[in-house]
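[1] when you get a sec, could you give me coordinates for this:
(one chain, ligands or ions: 1)
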Amino acid sequence: MKKDQTMKWNKTADVVVVGLGAAGSCTAIEAHDNGATVLVLEADKVAGGNTRLSGGTLRIFKDTDKVYQYYRAIFDETVKDELIHKLIDVTATSHEWFKKKCDAEFMVATKVPFPPAPNAVWDFLPGCEGLGGRSQFVADKFGGSEKMNGGFNMFKTMMHGIEKRNIEIMYETRGRHLITNGKKEVIGIQCETPKGTINVRAKKAVCLTCGGFHRSAEKQLNYLGLKYIAQGTKCGYGDGIDMTAELGAKMWHMTGVSCGISYKVKDHEDPIAIGLHSPNYLYIDQKGKRFLNETGVDVHAMAFDFTACVAEEMSYPRLPAWLIFDEHVRESGSLIGHCPGIIQEDATFDGWSDDNQAEISKGWIKMAYTVADLGKKLGFNPGVLEKAVADYNQCALLGYDPEFGRDAHSMGPINRLPFYAIEVWPALLNTQGGPQHDEYGHVLNVEEKPIERLFAAGELGSIVNKFYPGGTNITEAIAMGRVIGELTAKLTDVEE
Ligand SMILES: Cc1cc2nc3c(=O)[nH]c(=O)nc-3n(C[C@H](O)[C@H](O)[C@H](O)COP(=O)(O)OP(=O)(O)OC[C@H]3O[C@@H](n4cnc5c(N)ncnc54)[C@H](O)[C@@H]3O)c2cc1C
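    Purely as a prediction, here's the structure:
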């Protein structure tokens with residue numbers, strides 16, 4: 001929207017940061033340290049966004065030239081070399097940056113999922129050996145906890161960096177429209193607050209770090225072609241897309257998602273992410289058929305298989321699917337991974353038991369003493385589940401899975417009673433799409449020219465498109481947040 005004569009400013013700062021997750025906090029810290037006054041606007045009542053729900057690991061690069069080769073092979077031609085290099089070069093200094101700026105301490109990631117997350121999701125691509133492991137922020141340094149997910153602890157460290165600089169945050173302040181001057185430069189942002197609409201003046205720039213659209217059913221249908229449930233935060237409206245579209249931004253990577261497997265918790269609004277600790281399991285569709293290499297598909301890439309559609313029937317036979325497992329899996333620990341999603345903050349949710357017994361008692365997990373009886377409980381015709389399990393068991397015992405190629409070491413037979421099943425759905429962790437930006441984080445218009453004074457970082461218009469190389473969203477949010485924070489602080493003031 002263009003500023004008119006009647007418009008009054010309610011607040012002013014040099015750099016206005018919209019959304020306080022990883023990208024927003026790194027932007028704010030860097031802008032502050034480069035001499036700018038900074039105001040952070042956060043739509044939610046709390047800060048942290050998807051960042052606080054995440055695994056919160058920081059990528060370690062062993063060889064940046066090789067990492068470039070690897071990323072180049074993954075990111076498509078919409079992503080220019082300059083942007084990949086910027087991401088890698090800045091990330092290579094992220095550990096030191098956090099130590100210096102936020103007094104961070106790191107430790108080796110302790111919680112290992114099954115199957116363990118590989119360094120490189122695609123270990124056949126050139127340069128994959130350039131990736132090192134991942135590190136985590138020491139849990140209890142700034143009020144975090146070993147019991148929480150890594151992202152919770154990571155964000156505590158980021159907030160320490162914000163608080164020690166006294167950077168102002170306005171909560172429940174949702175950016176809705178960018179405000180421009182007569183030269184189409186961005187000079188502010190209009191926001192909704194519980195007390196009404198306010199106009200915030202940005203003397204140097206507006207930085208959009210307001211995440212993705214995982215909570216917008218309308219955007220899911222338009223961009224992903226399907227409605228999803230989501231594990232991410234409630235304010236994932238995708239406002240950054242609407243605000244930048246108003247100014248003619250070019251959108252990119254709109255179909256990209258990171259999507260895991262979850263259970264729709266009865267009587268609760270949000271799903272809970274499934275995480276396994278033992279190999280004695282498989283997934284089947286509504287017809288009782290196995291349909292993927294269960295341990296070969298990366299945990300973020302579940303949408304590819306689970307949302308497959310049978311066009312002639314207009315049906316989605318894996319929505320929902322069943323996770324079938326045996327006593328080995330039940331006793332190996334809670335079925336829930338170390339990043340359960342936003343449900344972890346739901347005060348009415350009692351949590352998930354370590355031995356899964358409470359969930360069996362509640363009927364969330366179906367149990368039977370024979371596979372045939374389990375099949376009956378799930379509504380399959382006699383023989384259907386028995387065949388699926390017997391075929392899979394044969395693969396597990398032979399160590400050879402001709403149809404799906406599951407690795408011998410990650411296949412355990414389903415042969416220890418009782419047997420169990422739980423209904424599972426693909427659930428969005430986050431989306432990738434949004435306005436395209438260049439290596440400076442400048443938002444580009446449809447001619448790929450910068451929209452003056454408008455920057456973006458993080459999940460909103462991520463570098464990632466279809467293939468998500470694990471641990472990259474956080475890495476990118478931090479790196480590009482740092483880039484736009486430093487750059488915008490050094491801009492001259494823009495006139496109204
Ligand atoms: C359960 C889960 C696990 C994950 N695990 C990992 C992982 O292990 N590694 C990894 O790399 N990635 C992971 N991700 C993805 C990663 O967390 C995010 O992509 C990343 O944190 C995004 O950072 P961000 O700063 O761009 O957005 P966010 O952290 O989501 O922050 C955006 C903020 O903007 C606010 N906001 C939204 N709209 C507005 C508006 N209009 N005005 C003002 N504020 C607004 C939101 O409330 C939010 O606080 C995970 C995601 C989830 C949900």
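[2] so how many other residues sit close to residue 350?
    Neighbours of residue 350 under the rule other CB atoms under 10 Å: 9. C-betas here are computed from N, CA, C, even on glycine.
[3] and it, what's its pLDDT?
    At residue 350, the pLDDT value in this model is 93.
[4] swap in residue 347?
    Reading off the model, residue 347 has pLDDT 95.
[5] likewise residue 110?
    pLDDT, residue 110: 67.
[6] in the stretch 251-400 of the chain, which ranges drop under the pLDDT threshold?
    Of all residues in the stretch 251-400 of the chain, none has pLDDT under 70.
[7] give me the residue from it nearest the ligand.
    Of all residues in the stretch 251-400 of the chain, the one sitting closest to the ligand is residue 339 (4.1 Å; CB to the nearest ligand atom).
[8] just to check, that residue is in contact with residue 54?
    Yes: using CB atoms under 8 Å, residue 339 is in contact with residue 54, at 6.3 Å.
[9] between the two, which contacts overlap?
    Residues touching both residue 339 and residue 54 by CB atoms under 8 Å, 6 or more residues apart in numbering: 149, 150, 151, 429.
[10] kindly supply the PyMOL command isolating those of these that are buried.
    The PyMOL command for the buried members of the shared contacts of residue 339 and residue 54 (criterion: 16 or more other CB atoms under 10 Å) is given here:
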select buried, resi 149+150+151+429
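[11] in helices, which of the shared contacts of residue 339 and residue 54 appear?
    Secondary structure assignment by DSSP state H places 150, 151 of these in helices.
[12] before we move on, the earlier item: let me know the pLDDT of the closest residue to the residue of the stretch 251-400 of the chain closest to the ligand other than its chain neighbours.
    Spatially, and ignoring its direct neighbours in sequence, residue 339 is nearest to residue 149 (4.7 Å; CB to CB, 6 or more residues apart in numbering). pLDDT, residue 149: 92.
[13] now do the contacts for residue 149.
    53, 54, 55, 56, 338, 339, 340, 344.
[14] so what's the residue count around residue 480?
    32.
[15] packing partners of the helix or strand hosting it?
    Using DSSP states H and E, residue 480 maps to helix 472-489. Applying 3 or more CB pairs under 8 Å, 6 or more residues apart in numbering; DSSP states H and E, one finds that helix 472-489 makes contact with strand 11-18, helix 22-33, strand 58-61, helix 81-91, helix 94-102, strand 196-208, strand 450-456.
[16] distance from the chain centre to that helix, please.
    Here helix 472-489 shows a centroid-to-chain-centroid distance of 16 Å under the convention CA atoms, centre = their mean, to the nearest Å.
[17] average pLDDT for that helix?
    97.
[18] got the angle for that helix vs strand 196-208?
    100 degrees (axes from the mean of the first three to the mean of the last three CA atoms, to 10 degrees).
[19] and helix 472-489 with helix 81-91, angle?
    Using the same axes, to 10 degrees: helix 472-489 against helix 81-91 is 90 degrees.
[20] and the gap between the closest residue to residue 490 other than its chain neighbours and residue 100?
    The spatially closest residue to residue 490, leaving aside those adjacent along the chain, is residue 34, at 6.1 Å (CB to CB, 6+ apart). Going from residue 34 to residue 100 by CB to CB, to the nearest Å gives 14 Å.
[21] which of the helices or strands spans residue 124?
    Using DSSP H and E, no helix or strand contains residue 124.
[22] pick out the residue nearest the middle of the chain.
    Centroid-nearest residue in the chain: residue 430, 3.8 Å away (criterion: CA atoms, centre = their mean).
[23] between residue 34 and residue 100, who's got more neighbours?
    residue 34 (16 against 12).
[24] let me see the contact set for the more buried one.
    Contacts of residue 34 (CB under 8 Å, 6+ apart): 485, 486, 489, 490.
[25] across the sheet, point out what pairs with the residue nearest to the centre of the chain.
    residue 258 (DSSP bridges).
[26] hmm, it is touching residue 53, no?
    No: Residue 430 is not in contact with residue 53 according to CB under 8 Å; the separation is 9.4 Å.
[27] which neighbours do those two share?
    By CB under 8 Å, 6+ apart, residue 430 and residue 53 have these common neighbours: residue 232.
[28] show me how this structure divides into domains.
    11-255+432-489, 257-428 (automatic domain parsing).
[29] okay, these, which one's buried deepest?
    domain 11-255+432-489 (a mean of 21; mean count of other CB atoms under 10 Å).
[30] distance from that one to the middle of the chain?
    For domain 11-255+432-489, the distance to the chain centre is 10 Å (CA atoms, centre = their mean).
[31] gap between the two ends of it?
    The first and last residues of domain 11-255+432-489 sit 18 Å apart, counting by CA to CA, to the nearest Å.
[32] what of stretch 331-340?
    Note: stretch 331-340 ends 19 Å apart using CA to CA.
[33] just give me how far that stretch sits from the chain centre.
    Using CA atoms, centre = their mean, the offset of stretch 331-340 from its chain centre is 19 Å.
[34] what's next to it, contact-wise?
    Here stretch 331-340 makes contact (CB under 8 Å, 6+ apart) with 53-55, 111, 113, 149-151, 231, 260, 263, 272-278, 329, 352-356, 359, 365, 422, 429.
[35] could you measure from the residue of the stretch 351-496 of the chain found nearest the ligand over to residue 319?
    Residue nearest to the ligand within the stretch 351-496 of the chain (CB to the nearest ligand atom): residue 458, separated by 2.2 Å. Note on residue 458: its distance to residue 319, by CB to CB, is 29 Å.
[36] would you mind listing what in the stretch 251-400 of the chain touches the ligand?
    Those residues of the stretch 251-400 of the chain that sit near the ligand, judged by CB under 6 Å from any ligand atom, are 339, 341.
[37] now do the strands in the stretch 251-400 of the chain.
    Here the stretch 251-400 of the chain has its strands, by DSSP state E, counting those that start in this stretch, at 251-252, 257-264, 271-273, 281-284, 321-326, 366-368.
[38] helices or strands next to the third one in the packing?
    For strand 271-273, the helices and strands in contact under the criterion 3+ CB pairs under 8 Å, 6+ apart are strand 257-264, strand 419-431.
[39] pull the residues that contact it.
    229-231, 260-265, 336-337, 339-341, 343, 352, 425, 427.
[40] and it, how far out from the chain's middle?
    In terms of CA atoms, centre = their mean, the centre of strand 271-273 is found 14 Å from the chain centre.
[41] cool, the second one as well?
    Counting by CA atoms, centre = their mean, strand 257-264 is centred 10 Å from the centre of its parent chain.
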